[in-house]
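Engineer: fold the following, please.
(one chain, ligands or ions: 1)
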Amino acid sequence: MPERKLRVGIAGLGLIARTHAIAYQQLGDIVELTAVCDVNESLASAFAAEFRARSTTDLDALLSDPEIDIVDLILPHFLHVETATKALSAGKHLILEKPAAPSYAGAVEIYRTAQKVGVHFMIAENSRYMHAYQAAAKLLAEDAIGDVIHVRTELRSNEKEHLSQPGNWRTKFELGGGLVLDTGAHSFYLISWLLGEFASVRGVGKKLLNIANEIEDTAEVTGSLKSGAHFSSTFTSVSEIPHSERLELYGTTGGILIDQMSNPVVKLFKGQHDYYGQAIDVPFGPDAWHPGGWHFESVLFEVKDFIMSLLEKRAPLIDSRDPVYAVRIVEAVYESIRSSESVIDLSAVTRDEIEARP
Ligand SMILES: NC(=O)c1ccc[n+]([C@@H]2O[C@H](COP(=O)([O-])OP(=O)(O)OC[C@H]3O[C@@H](n4cnc5c(N)ncnc54)[C@H](O)[C@@H]3O)[C@@H](O)[C@H]2O)c1
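Structural biologist: Next up, the predicted model:
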């Protein structure tokens with residue numbers, strides 16, 4: 001138990017902020033949500049009233065508020081670098097929603113500033129906290145499917161409303177919009193966590209919705225990993241099904257299928273005649289199984305791991321170099337899309353280069 005409760009300030013009160021706030025509420029013996037900030041004053045006051053915090057619209061003041069120990073940034077992507085480096089320079093512990101930043105250089109700058117200042121820091125990548133993916137990591141470690149030769153990821157969402165709002169930050173690249181940045185950050189983190197670094201990528205971006213903005217609403221990305229495995233990732237924000245994810249791992253002796261719209265979510269197959277497969281028990285908490293429960297739970301666990309790892313003086317489950325590396329892959333995909341879908345060679349790129357050099 002700390003001598004006094006750790007005091008948290010949240011900046012950015014969009015949809016996902018509520019889950020972060022609930023995590024702090026559930027850890028009420030050790031943390032207190034002290035202040036919340038949003039440019040939308042009525043949103044900030046209502047949120048503050050609900051979670052018994054004080055509210056402000058002054059972002060700079062929140063980032064250096066002497067009463068706050070931990071800053072939780074849940075802001076539009078274009079604000080990540082400026083706000084994260086300000087909070088870190090003010091000596092705050094920092095939890096920063098993915099993607100680390102809209103550019104790799106910005107993401108590296110944030111990572112290195114955190115290392116230099118020496119505070120507790122985490123890029124919040126909820127894929128690491130999804131029970132289904134943790135089950136996949138365990139199966140791979142147990143050699144349940146042999147060597148993985150092909151991996152597929154799929155993320156489906158529905159961004160019609162955001163993409164139809166003129167001025168919404170998600171509709172402009174310069175404000176950190178872009179589906180590959182938003183959802184590719186998850187998939188490229190997941191693939192490199194489970195299977196290691198990327199060797200090459202090729203991207204195809206599409207606009208399937210007839211909405212006047214510059215953002216791709218669907219993308220296909222393929223390439224190879226340094227392990228020799230082939231990967232393919234599909235991202236779409238036009239799906240008329242609930243926000244959900246899929247992972248397929250094909251190895252030399254078996255396969256794993258994970259789909260958050262299926263029950264059971266995780267199945268292990270052993271060969272072409274194994275039609276039934278084996279349902280893998282995934283330890284869902286009180287919010288499962290229902291579509292969407294996995295998302296709420298993973299964000300809840302992620303925020304709690306950040307707090308508990310700070311208290312226990314250990315590293316969180318996420319090594320923040322990995323979500324920074326994911327932004328490097330995102331950047332390569334956009335390079336491919338913008339250069340007539342050419343193949344981008346990543347064989348010389350490693351996550352180790354993210355470390356600050358002396
Ligand atoms: N892990 C996940 O699954 C997940 C899900 C959703 C969002 N996110 C991430 O969370 C972050 C926020 O995304 P979102 O969907 O909540 O965005 P959003 O647009 O819904 O919410 C952002 C909020 O920030 C506020 N804001 C904007 N500028 C501000 C400023 N200068 N000062 C104070 N407040 C300001 C806006 O008013 C808005 O309420 C992004 O990094 C996004 O990628 C992660």
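
Engineer: hey, where'd the helices end up in the stretch 251-358 of the chain?
Structural biologist: Assigned by DSSP state H, counting those that start in this stretch, the helices in the stretch 251-358 of the chain fall at 293-311, 321-338.

Engineer: what's the residue in the chain positioned nearest to the ligand sitting at in phi/psi?
Structural biologist: Minimum separation of the chain from the ligand (Cβ to the nearest ligand atom) falls at Gly14, amounting to 2.3 Å. All C-beta spots, glycine's among them, are computed from the backbone N, C-alpha and C. Main-chain dihedrals, Gly14, degrees, to the nearest 10: phi -70, psi -170.

Engineer: so what's the residue count around it?
Structural biologist: Neighbour count for Gly14, taken as other Cβ atoms under 10 Å: 13.

Engineer: how much space between it and Leu75?
Structural biologist: 8 Å (Cβ to Cβ, to the nearest Å).

Engineer: before we move on, back to that, want to throw the helices of the stretch 251-358 of the chain into JSON lines with distance to the ligand and mean neighbour count?
Structural biologist: Below are the helices of the stretch 251-358 of the chain laid out as JSON lines (distance: least, Cβ to the nearest ligand atom, whole Å; neighbours: other Cβ atoms under 10 Å):
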{"stretch": "helix 293-311", "distance to the ligand": "6", "mean neighbour count": "20"}
{"stretch": "helix 321-338", "distance to the ligand": "11", "mean neighbour count": "23"}
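
Engineer: CSV please, covering those helices and showing mean pLDDT.
Structural biologist: Below are the helices of the stretch 251-358 of the chain laid out as CSV (pLDDT from 0 to 100):
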stretch, mean pLDDT
helix 293-311, 94
helix 321-338, 98
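
Engineer: quick one, grab the pLDDT at Arg357.
Structural biologist: Note on Arg357: pLDDT of 59.

Engineer: again, but for Pro286
Structural biologist: The per-residue pLDDT reported for Pro286 equals 45.

Engineer: still on that earlier bit, my read: the residue of the chain closest to the ligand touches Glu97, true?
Structural biologist: No - between Gly14 and Glu97 there is no contact under Cβ atoms under 8 Å: 9.4 Å.
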